[in-house]
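[1] Based on what follows, work out the 3D shape:
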Amino acid sequence: MADISARKRIWGWWFFDWASQPYNTLLLTFIFGPYFAKVVTELLTESGMSAGEAKAQAQAFWGYGLTVSGICIALLAPILGAVADSTGKRMPWIWVFSVMYVVGSFALWYTAPAQFDVTLTLIFFGIGLIGMEFATIFTNALLPSLGSKEELGKISGSGWAFGYIGGVLALAIMLLLFQAGGSGKTMAGIAPLFGLDPATGADTRIVGPLTAVWYVLAMIPFFLWVREMPDPNHEPYKVGKALRDLGKTIKGLPKHVSLLSYLTSSMFYRDALNGMYTFGGIYAFGVLEWNIMMVGIFGIVAALTGALFAWIGGKADTAFGPKPVIVVCILVLLGTAVFVVGLSRDAVFGVPVAEGSSLPDILFFVAGGLIGAAGGALQSASRTMVVRQSNPSRMTEAFGLYALSGKATTFLAPMLIAVVSDLSGNQRLGITPIAGLFLIGLILLIWVKPQGDHSKWSEQSS
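    Residues are numbered from 1 along each chain as shown. This next block holds a predicted model:
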């Protein structure tokens, strides 16, 4: 096989972001999440529950399902990362978790309202979500081999931007060709393709197969062009040694204050960001009474700003380092979280608006743009910060720990939102924990050194 150029390797790596982004854009946030909330709300109201309580309970169910998936990811991520580092093999794992991604997302087609099963639906969704998260761990671990330390911020930021563009395109295809609005027509003014019947939710459920097929096609460049660089330090496959190495790394974390502080900080702020993404569409459906098409348009706005500012954030990362980018993004997101809680269909921060006023809708679109912009740049900068903080010889393990720090409490935001929604019976109050999580993450960044502390990794290795 002819040698693959460094440029092709980078483009191939970027295509994973392009391939995987629709799981977040189409399924988690803007199409399937609101569909889940809509169907569950209707089922609960038919059983006698009030509309407000039903919406809060649907949000709670979604949160509990994501909590279980988050716990699974948290428990397994560092172990799999440690094993991959010991064997030096990452690509086989990416294949395995890609299959989970495709199977889980495709299975969401079988969630018609007439046969809707909350538990089974959340299991389908969880399989795909776990596949996406684990595949991301192993592809992220390939980042350091794609360029010099000074280039990684730009490479990471461009990858996130490329992924967001893919998410926007997939969302546009969904809205133009499949998702019916109130008139029974798509945004293109046509009936949903393939005769999909809105009465059975088929125009929305097709989002599962669409996401699966998108991933399969978009991963072709990744598997053709991305190769693991030879590593002279490969060791035989020994699970025991991998786990001992992981234990040694975890025990040594208190000696690496900067890394420990960063992992803990990111644990909270990424969980808050995931909470925004996960519940944004459901919040718009329940509080602002948007339909799924409106939520989808909102998603395009958020994804476009995410793409632009992931790219800008990558440039800023290269110029100033990832820490200042992370701080600014958290401040923007913290303010936006407080802002969103103040919006409802009939009032803005307690000030009543005229019936039918579009002001709450306009302000929520503004909030979506801010979330997309700050979220895109934050995720990109966070990825390069891991590289700066971690032991260069244990990079997959580092991203496994990074996933653990993100997933150890990924269940926390959904759980807190679910519990507060459950107890209060109020969907707006349900998302208030997000602001607190951002604040904790911001405070913990005080102890993070912008360039990490690689001298201590050298001492530990010696």
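
[2] All the helices of the stretch 201-350 of the chain, in order from the start?
    In the stretch 201-350 of the chain, the helices defined using DSSP state H, counting those that start in this stretch lie at 202-205, 207-225, 239-252, 257-287, 292-320, 322-341.

[3] export those to a markdown table and tack on mean pLDDT, mean neighbour count and distance to Pro113?
    Using the backbone N, CA and C atoms, a C-beta is placed for each residue, glycine as well. Shown next, in a markdown table, are the helices of the stretch 201-350 of the chain (pLDDT from 0 to 100; neighbours: other C-beta atoms under 10 Å; distance: least, C-beta to C-beta, whole Å):
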| stretch | mean pLDDT | mean neighbour count | distance to Pro113 |
| --- | --- | --- | --- |
| helix 202-205 | 94 | 24 | 9 |
| helix 207-225 | 96 | 20 | 15 |
| helix 239-252 | 68 | 15 | 45 |
| helix 257-287 | 80 | 24 | 15 |
| helix 292-320 | 78 | 23 | 13 |
| helix 322-341 | 90 | 21 | 29 |
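
[4] Val448 is nearest to which of those helices?
    Proximity to Val448 (C-beta to C-beta) singles out helix 257-287 among those, at 4.6 Å.

[5] That closest one: how far from the chain's middle?
    Helix 257-287 sits 9 Å away from the centroid of its parent chain (C-alpha atoms, centre = their mean, to the nearest Å).

[6] Okay, angle between it and helix 322-341 too, please.
    Relative orientation of helix 257-287 and helix 322-341, computed by axes from the mean of the first three to the mean of the last three C-alpha atoms, to 10 degrees: 30 degrees.

[7] Return the angle between stretch directions for helix 257-287 and helix 292-320.
    Here helix 257-287 runs at an angle of 160 degrees relative to helix 292-320 (the same axes, to 10 degrees).

[8] For the helices of the stretch 201-350 of the chain, give me TSV that also has distance to Phe194.
    Listed next are the helices of the stretch 201-350 of the chain as TSV, based on distance: least, C-beta to C-beta, whole Å:
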stretch	distance to Phe194
helix 202-205	8
helix 207-225	10
helix 239-252	46
helix 257-287	24
helix 292-320	18
helix 322-341	36
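
[9] Phe125 is nearest to which of the ones you listed?
    Closest among the helices of the stretch 201-350 of the chain, once you apply C-beta to C-beta, is helix 207-225, at 9.1 Å.

[10] list the contacts for Phe279?
    By C-beta atoms under 8 Å, 6 or more residues apart in numbering, the contact list for Phe279 reads 33, 59, 62-63, 414, 417, 430-431.

[11] tell me the least confident of the residues you listed?
    Minimum pLDDT across these is recorded for Pro414, with 72.

[12] what helix or strand is the closest residue to that residue other than its chain neighbours on?
    Spatial nearest neighbour of Pro414, chain neighbours left out: Gly63 (3.7 Å); criterion: C-beta to C-beta, 6 or more residues apart in numbering. According to DSSP states H and E, Gly63 maps onto helix 51-87.

[13] Next, the angle from that helix to helix 257-287.
    150 degrees.

[14] what helices or strands is the helix or strand hosting Gly375 leaning on?
    Using DSSP H and E, Gly375 sits in helix 359-389. Applying 3 or more C-beta pairs under 8 Å, 6 or more residues apart in numbering; DSSP states H and E, one finds that helix 359-389 makes contact with helix 152-177, helix 257-287, helix 292-320, helix 322-341, strand 347-348, helix 395-407.

[15] any idea of the angle the second one forms with helix 359-389?
    Here helix 257-287 runs at 160 degrees with respect to helix 359-389, directions being taken by the same axes, to 10 degrees.

[16] returning to that earlier point: and the helix holding Gly63, how far from the chain's centre?
    Distance, stretch centre to chain centre, for helix 51-87: 12 Å (C-alpha atoms, centre = their mean).

[17] and what of stretch 155-166?
    The answer for stretch 155-166 is 13 Å, by C-alpha atoms, centre = their mean.

[18] Check what contacts that stretch and list those residues.
    10, 13-22, 143, 146-147, 214, 218, 303-304, 306-308, 310-315, 317-318, 372, 376-377, 379-381, 383-384.

[19] for this protein, what helix or strand is lowest in average pLDDT?
    For the chain, using mean pLDDT, DSSP states H and E, the weakest element among its helices and strands is helix 454-461, scoring a mean of 50.

[20] what stretches of the stretch 51-200 of the chain score poorly on pLDDT?
    81-88, 149-150, 152-153 (pLDDT under 70).

[21] if we can go back for a sec, any idea which of the helices of the stretch 201-350 of the chain gets closest to Trp95?
    Among the helices of the stretch 201-350 of the chain, helix 207-225 comes nearest to Trp95, with 8.0 Å by C-beta to C-beta.

[22] Of the helices of the stretch 201-350 of the chain, which is nearest Leu442?
    Here helix 322-341 is closest among those (C-beta to C-beta), at 4.8 Å.

[23] how many degrees apart are the closest one and helix 152-177 in direction?
    30 degrees.

[24] And helix 322-341, what does it pack against?
    Helix 322-341 sits against helix 257-287, helix 292-320, helix 359-389, helix 433-444, with contacts defined as 3+ C-beta pairs under 8 Å, 6+ apart.

[25] list the helices and strands the shortest one packs on?
    Packing contacts for helix 433-444, counted by 3+ C-beta pairs under 8 Å, 6+ apart, involve helix 257-287, helix 322-341, helix 412-424.

[26] These into CSV, with extra columns for distance to Ile362?
    Converted to CSV, the helices and strands packed on helix 433-444 look like this (distance: least, C-beta to C-beta, whole Å):
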stretch, distance to Ile362
helix 257-287, 13
helix 322-341, 13
helix 412-424, 25
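
[27] any residues touching stretch 325-345, and which ones?
    Residues outside stretch 325-345 that contact it (C-beta under 8 Å, 6+ apart) are 269, 272-273, 276, 283, 287-289, 313, 316-317, 348-350, 360, 363-364, 367, 370-371, 373-375, 377-378, 380-382, 385, 428-429, 431-432, 434-435, 438-439, 441-442, 445.

[28] Output it as CSV, restricted to C-alpha atoms.
    Coordinates of each C-alpha in stretch 325-345 appear next as CSV, following Å, rounded to 0.1, in the frame of the first residue of the first chain:
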residue,chain,number,x,y,z
VAL,A,325,-10.3,29.8,25.4
ILE,A,326,-11.8,27.4,28.0
VAL,A,327,-12.3,30.1,30.6
VAL,A,328,-14.0,32.5,28.2
CYS,A,329,-16.3,29.8,26.8
ILE,A,330,-17.4,28.7,30.3
LEU,A,331,-18.2,32.3,31.3
VAL,A,332,-20.4,32.7,28.1
LEU,A,333,-22.2,29.3,28.8
LEU,A,334,-22.7,30.1,32.5
GLY,A,335,-24.4,33.4,31.6
THR,A,336,-26.5,31.7,28.9
ALA,A,337,-27.7,29.0,31.3
VAL,A,338,-29.0,31.7,33.7
PHE,A,339,-30.5,33.5,30.7
VAL,A,340,-32.4,30.4,29.4
VAL,A,341,-34.0,29.7,32.8
GLY,A,342,-35.6,33.2,32.6
LEU,A,343,-37.4,32.4,29.4
SER,A,344,-40.9,31.0,29.1
ARG,A,345,-43.8,31.2,26.6
